[in-house]
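Novice: Structure, please.
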Amino acid sequence: MTINLSEQYLDILPEIKTAIDQGKPIVALESTIISHGMPYPKNVETAKEVEQMVRDNGAIPATIAILGGRLKVGLNDQELEYLGKSGLKVTKASRRDIPFIVSRGEDGATTVAATMIISELAGISLFATGGIGGVHRDGENSMDVSADLNELSNTNVSVICAGIKSILDIGRTLEYLETMGVPVVGYQTDHVPAFYARSSGYGVDYRANSANEIAASLKAKYDMGLNGGALITNPVPEKFALDPNDIEKTINEAIQEMNKRGITGKDTTPFLLARIAEQTKGESLDTNIKLVLNNAKLAAEIAAELCKL
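Specialist: Prediction:
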């Protein structure tokens, strides 16, 4: 007897399952930002705000995590609270971690890569986040490259973000994405945003001025069987953007401290973001929240347009 994959591994909230079955617009959301991105209760408050932003713009939110070894597509209030309170005790889960967390019945907060994988299993093709991982600074020596990039080239889920995290080597990350055939789209911009800042100085592959234009390109991509996602970059609203020179100075100081402490691997991003928040007296955290909300809004608009097509 064949066991249905969704019954064996996935728990999909009834509202989301109905939306999937009826072809309604859905936007996936990650859970690392809840457990590793900010302290409790701000993390839970932000998660709920982001879900509401998706709803307000015509789509259904699906926050994704792994709880008790189950792949969760959509979290209820109790699960959000549990994840927020557990914080760093929850494993930061990428592709390599999923089978072990599931088989051991453990908890995992999903990164961009893991969220994409679970989204595709559930039949969700759009995902909103803050920024993606990439090639780390000095990555040509350390070979520290985020699994997000390979996932974007293989998994049929497109990601709406505020660009590549400023703490990374944006130029090399874009070269990697080009090699892997991942299109980088700028929403109403000709330049790739740099997370806290509106521009990295690097050009996008294609500019799109509306949600409908983006949806049409995604439909064409998948109609032709061109596997992999698209990276849709959406600059942080101007009033919340940080000065690129100031943030670069702060990042460089944080990287120097990280290297002195010998922090490597999956611990680097949480450390750097925490240090940057401390050095900017919380301004970077506020910017982070605002850009995630902005991305959730655009993702919902694209999802709604995609359903019309």
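Novice: quick one: secondary structure of residue 65?
Specialist: strand (DSSP: H, G, I helix; E, B strand; the rest coil).
Novice: Now do the residue lying closest to it once chain neighbours are set aside against residue 287, distance only.
Specialist: Closest residue to residue 65 apart from its sequence neighbours, by C-beta to C-beta, 6 or more residues apart in numbering: residue 31 at 3.8 Å. Every C-beta, even on glycine, is put in place using the N, C-alpha and C of the backbone. Look at residue 31 and residue 287: by C-beta to C-beta, to the nearest Å, they are 21 Å apart.
Novice: Between the two, tell me which one has more neighbours.
Specialist: residue 31 (31 against 24; other C-beta atoms under 10 Å).
Novice: Now for that one: which residues touch it?
Specialist: 47, 63, 64, 65, 75, 83, 109, 110, 115 (C-beta atoms under 8 Å, 6 or more residues apart in numbering).
Novice: hmm, try it at 7 Å
Specialist: 63, 64, 65, 83, 109, 110 (C-beta atoms under 7 Å, 6 or more residues apart in numbering).
Novice: could I get the residues you listed as JSON lines with neighbour count?
Specialist: Shown next, in JSON lines, are these (neighbours: other C-beta atoms under 10 Å):
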{"residue": "63", "neighbour count": "28"}
{"residue": "64", "neighbour count": "26"}
{"residue": "65", "neighbour count": "29"}
{"residue": "83", "neighbour count": "26"}
{"residue": "109", "neighbour count": "27"}
{"residue": "110", "neighbour count": "32"}
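Novice: Residue 223: which of these is nearest?
Specialist: For those, the minimum distance to residue 223 (C-beta to C-beta) is 25.7 Å, reached by residue 64.
Novice: surely the closest one meets residue 118?
Specialist: Yes - Residue 64 lies in contact with residue 118 (C-beta atoms under 7 Å); the separation is 5.0 Å.
Novice: Which neighbours do the two have in common?
Specialist: With C-beta under 7 Å, 6+ apart, residue 64 and residue 118 have common neighbours 73, 110.
Novice: just checking, residue 59 touches residue 302?
Specialist: No - Residue 59 lies out of contact with residue 302 (C-beta under 7 Å); the separation is 8.7 Å.
Novice: Quick one: low-confidence residue ranges for the stretch 1-150 of the chain.
Specialist: Low-confidence segments of the stretch 1-150 of the chain (pLDDT under 70): 1-7.
Novice: Identify the single longest helix in this structure, thanks.
Specialist: Secondary structure of the chain per DSSP state H: the longest helix is helix 283-308.
Novice: ok now it, how far from the chain's centre?
Specialist: Put simply, helix 283-308 sits 11 Å off its chain's centre (C-alpha atoms, centre = their mean, to the nearest Å).
Novice: any idea of the mean pLDDT in it?
Specialist: Average pLDDT, helix 283-308: 95.
Novice: list the contacts for residue 48?
Specialist: residue 80.
Novice: got the buried residues for the helix or strand containing it?
Specialist: If you go by DSSP states H and E, residue 48 is part of helix 42-56. Buried residues in helix 42-56, counted by 16 or more other C-beta atoms under 10 Å: 43, 44, 46, 47, 50, 51, 53, 54.
Novice: Stretch 33-41 too?
Specialist: 33, 34, 35, 36, 37, 38.
Novice: Out of these, flag the one nearest to residue 244.
Specialist: Using C-beta to C-beta, residue 37 comes nearest to residue 244 of these, at 21.6 Å.
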